[in-house]
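S.K.: return a 3D structure for these sequence lines:
(2 chains)
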Number of protein chains: 2
Amino acid sequence: MTTLAPGATIGILGGGQLGRMLAVAAAELGFDVHIYTDEIDSPASRVAARTTIASYDDAAALAAFAAQVDAVTFEFENVPAAAGDALLAVGAVVRPHPGALATGQDRLVEKRFLNDNGVATTPFLAIDAAADIAPALAELGAPALLKTRRFGYDGKGQSWVGAASEAASAWAAIGAQPAILEAAAPFVREVSVIAARGHDGAVVAFDVCENRHANGILAETLVPAQVEARAAEQARDSVFRLMTALNYVGVLTVEFFALADGGLLANEIAPRVHNSGHWTLDGASHSQFDLQIRAVAGWPLPQPTTLGPVRMINLIGDDVAEWAQFAADPRARLHLYGKRAARPGRKMGHVTYLSDC
Amino acid sequence: MTTLAPGATIGILGGGQLGRMLAVAAAELGFDVHIYTDEIDSPASRVAARTTIASYDDAAALAAFAAQVDAVTFEFENVPAAAGDALLAVGAVVRPHPGALATGQDRLVEKRFLNDNGVATTPFLAIDAAADIAPALAELGAPALLKTRRFGYDGKGQSWVGAASEAASAWAAIGAQPAILEAAAPFVREVSVIAARGHDGAVVAFDVCENRHANGILAETLVPAQVEARAAEQARDSVFRLMTALNYVGVLTVEFFALADGGLLANEIAPRVHNSGHWTLDGASHSQFDLQIRAVAGWPLPQPTTLGPVRMINLIGDDVAEWAQFAADPRARLHLYGKRAARPGRKMGHVTYLSDC
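M.R.: The predicted structure is shown next:
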């Protein structure tokens, strides 16, 4: 059981805003950070002691990186299996273990894993060809949602199927690749549970977050979520059970659909810090980034407390042009990610409001 | 009036823990940071996008640095006048203006500035030679405190004089240099006011902090301070008046002695973020580092609010060896500065406790 002392170096795969906020959390605890990214001038590298710029499948660069750090973590779930293998091959301490990523990288494996561990999801069927869609739609009911098994995020790789006649176009829309078809979930709101598990197996969780999306991208998070206490407790227990089943070390997020009857259906797992947890930087005793770094370091995890009602809004694309308005609002806690260009759909920053939101 | 937009680069003179916490605050607002330090592998450079390692009196290096940043600030008050001159000579935006530093760099000038602006201090006299000490002691009363006019901090450059017979040894102890002799202040506690003034002239202040020292170094800060509301208000007004007199832009700290009768005597000015304000990272809506960066950027300054009773303890020298104990305490907000060696008297980190302290 590796425990890192202050002064150790934590390696982070990924140079985006999650890596940036992880790097700051690591620095606050006295760690050095080494970013590994394929991007020049990445947001994370600008707050880190060192950066390696190389491809995520460059085994030699990964081995050299591993030799310079005391533990490795990552900011995104689609780490190539080869990268995890390359790191483990040279004996790197990788938290969470790359094996835990595989489950979340394939929606079919993920859904089955959820169900196998007693966590309900909306009904789904595997789709391996366009011809599979019509019979699946007949079984699940229309409309249903076609999703690629791999590499989907922020609403990408998804297509609604309203009728069997749309099967071919939906199949083409997602790139004609292995997929699942999901029954529509009659949800009244979306919530997420962000939890963390330490190297000692102890688990902690933040209060359940309520999330509002626009164009498939998270727009707003509210805490506390409008869910019954018993449902929230069950959701947290589900996530704890999943983390234990994966022998997971670090922060893990599960998104749920909340139904009109108060029930929750798990939607997907993200084996990392999550956009819906950005409020914890201002609204909790410890942030999700702080907990991730503590877990990576093998430190005990504190149970975070929420400081009051919180509202987090994402600044997407040109939203960031309004920075001066947020800078002038004493209630707004402004966070900007240092991205050079505000492309449509790009997450540029976020703003948190406490208490009087 | 220069206003910096996110993406601009803020230059910071100094690579210590204050520079490190300023760099993190700047990153959170979307700025890049360029550290200028004479230290290799400094704590601040490890969280900054760029670093220049050069002497503080290297005019060419300072000019090159100035050309790469959009505004300059500093983490320490003893910036050589030549450095300020070199930066201004090439048209750099420097906040606060280097001219405002001169006042705080000389204890005699500083005390006179305080008195001239209606801020009471303990009685003092200028000492230019050992022979000045005995008559000054007769006038001020024994014991009195001999302090070098320049380059004193954390209790350095000070010597108590209990009787005229100790004049020569005290003079030698402070290095036989221009000094002041101060009457002993019969204080019951020490407090500080940390305030900020924006480029628009607007002023804000944190709640008054109560400070406990050990071996001349800050050991502990408590907020709120045990001072009467009227005295606290007068102290804040004094600091606002001083900042306005200096046409100051940025965070400025004034330390006061609190007397048994509730009165306050100003002790010294620090034209920068201050150790007694580290609690604001966890215990206030906006930290002193955030306010300094906003002031440097020409942004409006929010009035910070305190989140509850706060206790901050410094980790000095070997105190930091207890890091695992703080890491395991969910109530402790641990901050470590990334310093490689824990020398006696060296500030290695701090811990903040909220509410239940």
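
S.K.: nearest to chain B: which residue in the stretch 201-350 of chain A?
M.R.: A:L336 (2.7 Å; CB to the nearest CB). Every C-beta, even on glycine, is put in place using the N, C-alpha and C of the backbone.

S.K.: residue contacts, the residue nearest to that residue when sequence neighbours are not counted?
M.R.: Spatial nearest neighbour of A:L336, excluding adjacent residues (CB to CB, 6 or more residues apart in numbering or on different chains): B:G30 at 2.7 Å. Neighbouring residues of B:G30 by CB atoms under 8 Å, 6 or more residues apart in numbering or on different chains: A:W323, A:L336, A:Y337, A:G338, A:G349, B:P6, B:G7.

S.K.: what is the nearest of these to A:A225?
M.R.: Lowest distance from A:A225 to the contacts of B:G30 (CB to CB) belongs to A:G349, with 22.9 Å.

S.K.: for chain B, what are the nearby residues on the stretch 201-350 of chain A?
M.R.: For the stretch 201-350 of chain A, the residues in contact with chain B (CB under 8 Å from any CB of the partner chain) are A:285-286, A:294, A:299-300, A:302-303, A:307, A:320, A:323, A:327-330, A:333-338, A:340, A:349.

S.K.: can you tell me which of those residues end up in helices?
M.R.: Using DSSP state H, the subset of these located in helices is A:R294, A:W323, A:A327.

S.K.: which of the residues you listed has the most neighbours?
M.R.: Per-residue neighbour counts (other CB atoms under 10 Å in any protein chain shown) across these peak at A:R294, which has 25 neighbours.

S.K.: which helix runs longest in chain A?
M.R.: Taking DSSP H as the criterion, chain A has its longest helix at helix A:229-246.

S.K.: what does that one contact?
M.R.: A:96, A:100, A:103, A:113-114, A:117-119, A:191, A:193, A:195, A:197, A:201, A:203, A:205, A:207-208, A:225, A:227, A:248, A:252, A:254, A:256, A:258, A:262-264, A:266, A:269.

S.K.: for the stretch 151-300 of chain A, what spans make up the strands?
M.R.: Secondary structure of the stretch 151-300 of chain A (DSSP state E, counting those that start in this stretch): strands located at A:158-161, A:179-183, A:187-197, A:203-205, A:209-214, A:217-223, A:250-259, A:264-270.

S.K.: which one of those strands is the most hemmed in?
M.R.: Among the strands of the stretch 151-300 of chain A, strand A:250-259 has the highest mean neighbour count (mean count of other CB atoms under 10 Å in any protein chain shown), at a mean of 25.

S.K.: can you name every helix or strand that it contacts?
M.R.: strand A:187-197, helix A:229-246, strand A:264-270, helix A:288-296 (3 or more CB pairs under 8 Å, 6 or more residues apart in numbering or on different chains; DSSP states H and E).

S.K.: among the ones you listed, which comes closest to B:R150?
M.R.: With CB to CB as the yardstick, what comes closest out of the helices and strands packed on strand A:250-259 is helix A:288-296 (40.6 Å).

S.K.: from the chain's centre, how far out does that closest one sit?
M.R.: Distance of helix A:288-296 from the chain centroid (CA atoms, centre = their mean, to the nearest Å) equals 14 Å.

S.K.: I'd like to know which elements the next helix or strand after it is packed against.
M.R.: Following helix A:288-296 in sequence order, the next helix or strand is strand A:310-316 (DSSP states H and E). The contact analysis (3+ CB pairs under 8 Å, 6+ apart) places strand A:310-316 against strand A:217-223, helix A:280-283, strand A:347-354.

S.K.: OK, now which residue of the stretch 1-150 of chain A is nearest to chain B?
M.R.: Relative to chain B, the nearest point of the stretch 1-150 of chain A is A:G30 (2.7 Å; CB to the nearest CB).
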